[in-house]
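Trainee: take a look and give me a structure for this.
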Amino acid sequence: MPSLAGSAKKRSAEWLSDAYEVVEIAVAPAAQGQGIGTALLAALLEGRPERTAVLSTRTDSRAHQLYHRLGFEYLAEMTFTAGGWPFYIMGRRLH
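Mentor: Numbers count the residues shown, from 1 in each chain. The predicted structure is shown next:
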């Protein structure tokens, strides 16, 4: 996974100064692979005025593959708590 390039402050401003944060999307395992996640994300992002969309997803989830396929870039990998599971921070330019 590529790491966040450039100065952290500049990159943070680029991705977070005008961002729509996707907080939680879940599709029941039995319904995965049917385009539901793609449709949900498209509906959430349609017409958003923000420059970027950002989200986090666990590294052991297949969700990051879907987000990457839909144009999200890997920005960083981090844990939110000491000893916690690693997450990918991902972003996509909207405009």
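Trainee: CA atoms for contacts and neighbours, from now on please.
Mentor: Noted.
Trainee: ok, residue 27 touching residue 38?
Mentor: No. Residue 27 is beyond contact range of residue 38, at 10.2 Å (criterion: Cα atoms under 8 Å).
Trainee: how about the helices in the protein?
Mentor: 8-16, 36-45, 63-69 (DSSP state H).
Trainee: please identify which of those is closest to residue 23.
Mentor: helix 36-45 (10.9 Å; Cα to Cα).
Trainee: any idea how far the residue of the chain positioned farthest from its centre lies from residue 18?
Mentor: Going by Cα atoms, centre = their mean, the residue of the chain most distant from its centre is residue 30, 22.5 Å out. From residue 30 across to residue 18, the span is 35 Å (Cα to Cα, to the nearest Å).
Trainee: try residue 58
Mentor: For residue 58, the distance to residue 18 equals 24 Å [Cα to Cα].
Trainee: residue 32 now?
Mentor: 31 Å.
Trainee: go on, residue 68?
Mentor: 20 Å.
Trainee: again with residue 83
Mentor: 30 Å.
Trainee: of these two, who's got more company?
Mentor: Taking other Cα atoms under 10 Å, residue 83 and residue 18 do not tie; residue 18 has more neighbours (13 against 7).
Trainee: OK, contacts around the more buried one?
Mentor: Residue 18 is in contact with 50-52, counting by Cα atoms under 8 Å, 6 or more residues apart in numbering.
Trainee: neighbour-wise, which of those residues leads?
Mentor: residue 52 (21 neighbours).
Trainee: for that residue, name its beta-bridge partners.
Mentor: residue 19, residue 93 (DSSP bridges).
Trainee: noted, bye for now.
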